[in-house]
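> My questions are about this predicted structure, shown below with the sequence.
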Amino acid sequence: MGKNFKDNLLTADEMRNEIVRLQKAGKKVVFTNGVFDILHVGHLTYLEEARNLGDILIVGVNSDASVKVNKGDKRPINSETNRAFVLLGTKFVDYTVIFNEKTPEKLLDILKPDIHVKGGDYRKKDLPETKVVEKNGGEVKILSFVDNISTTEIINKIIEVYKK
Ligand SMILES: Nc1ncnc2c1ncn2[C@@H]1O[C@H](COP(=O)(O)OP(=O)(O)OP(=O)(O)O)[C@@H](O)[C@H]1O
Ligand SMILES: O=P(O)(O)O[C@@H]1O[C@H]([C@H](O)CO)[C@@H](O)[C@H](O)[C@@H]1O
């Protein structure tokens, strides 16, 4: 753990070394990934649930370029480092790592967490990363979903309220 919350944004190689150390010390390492552009209560509920599955929660944060590929040219609203820092400021997230690919498969193959989770808007069998997690002896879990809250809805509300 770094001295300041921003110290826990690591590179993939630094994160792998840290995971080896943590697992040797008997810690269960949970991983998730996503964009987390404007953090909301659905995210926090989900991150809390993820953290409670183990001892350490790592979030793979999509780079700005990979957000554009996944969510379109107008996104993200917040930069990759700011999204990673906001996550580290919550009481649930221990480490963040930025990844630049369309999916987290390559990152998961490096990190090899014990558990990989996504929210209830995903199905395990449809996740491209399920294969690589299970190949490395990890487990994939889908968590619950908080209805009627998303970053897109927040953006649409702001547009509605401020439009002329
Ligand atoms: N309402 C919610 N309840 C529980 N989990 C959620 C919720 N919204 C998102 N998640 C989970 O949080 C992670 C990051 O999701 P993401 O940043 O895409 O959220 P979002 O609000 O759906 O964003 P957007 O509207 O931009 O698509 C994903 O793993 C997703 O499953
Ligand atoms: O924030 P999102 O849109 O839930 O994050 C995406 O999740 C994808 C998911 O893991 C299925 O592969 C991932 O591929 C994508 O890069 C985003 O992280």
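Structure's in. What do you need? Ligands and ions are numbered 1, 2, ... in the order given.
> Quick check: Arg75 vs Val69, distance?
Using Cβ to Cβ, to the nearest Å, Arg75 is found at 10 Å from Val69. To be clear about C-beta, it is placed using only N, CA and C from the backbone, and glycine gets the same treatment.
> whoops, Asp37 was the one
To Val69, Asp37 is 14 Å away according to Cβ to Cβ.
> Show me the shaky parts of this protein.
Within the chain, the stretches with pLDDT under 70 are 1, 164.
> separation between the most centrally placed residue in the chain and Val117?
Centroid check for the chain by Cα atoms, centre = their mean gives Asn33 as the closest residue, at 2.7 Å. Per Cβ to Cβ, Asn33 is found 9 Å from Val117.
> And Glu139, by the same measure?
Distance, Glu139 to Val117, using Cβ to Cβ: 9 Å.
> Who has more neighbours out of those two?
Between Glu139 and Val117, Val117 has the larger neighbour count (other Cβ atoms under 10 Å), namely 23 against 15.
> What does the more buried one show for phi and psi?
With angles defined as degrees, to the nearest 10, Val117 sits at phi -130, psi 150.
> Quick check: beta-bridge partners of it?
Assessed by DSSP bridges, Val117 has beta-bridge partners Thr32, Lys141.
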